[in-house]
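Engineer: Fold the following.
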Amino acid sequence: MSLAREQQVMRKLHPDWILAERKSALISNGIWLLAVLVILSVPTLLDWFRVPVWIWIIAILVVVLRMGLNAFVLPYFRYEKFAFHVSDEEVHIHRGWLFISEMIVPMIRVQHVELESGPILRQYGLASVEIVTAATTHVIAGLKLDEAEQLKQRIGELARRTDE
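Structural biologist: Just a heads-up that it's a prediction; the model follows:
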């Protein structure tokens, strides 16, 4: 199969994945913001010492900028630059926008395939397919649940077929 033809059949994640990633980033970074506020407040509340205002400003700015980057910028770039293709012999995964990674996972190396869906992904009807090899686990996160189930079954069947 030619490279041009291969690029035509690369599949993307579901667009709702961006919303799920944003929600996840806001929650995790909100926890970081709360932790920073507690760490900065405890010395002042217990009269140990007063934390200088400039430390408060820098700490909160860093966490808020990190939150904005993780919640609004990075999910879009990850979505745009992630693509995958499953053929009878291998799984092609393309990801990354700054550091680009192109992986080819031969079906003969696939040990098992898992379907996972956390609470945020479930809220959007999404799931992730994890392709486990002896060396590592490759994740395709952000497929609709029925599509993810079909992909898991297909990869499992193709991996079994190559074992025989």
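
Engineer: For stretch 80-93, give the mean pLDDT please.
Structural biologist: For stretch 80-93, mean pLDDT rounds to 94.

Engineer: Okay, now that stretch: how far is its last residue from its first?
Structural biologist: In stretch 80-93, first residue to last residue: 13 Å (CA to CA, to the nearest Å).

Engineer: buried sites along that stretch?
Structural biologist: Residues of stretch 80-93 classed as buried: Phe82, Ala83, Phe84, His85, Val86, Glu90, Val91, His92, Ile93 (neighbour count, 16 or more other CB atoms under 10 Å). C-beta here means a position set from N, CA and C on the backbone, and glycine is covered the same way.

Engineer: which ones among these are found in helices?
Structural biologist: Judged by DSSP state H, those include no members of helices.

Engineer: Save those as CSV, and put in distance to Pro106 too.
Structural biologist: Output for the buried residues of stretch 80-93, formatted as CSV (distance: CB to CB, whole Å):
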residue, distance to Pro106
Phe82, 20
Ala83, 19
Phe84, 15
His85, 14
Val86, 12
Glu90, 5
Val91, 8
His92, 11
Ile93, 12
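
Engineer: which of those residues sit farthest apart?
Structural biologist: Spatially, the most separated pair among these is Phe82 and Glu90, at 17.3 Å (CB to CB).
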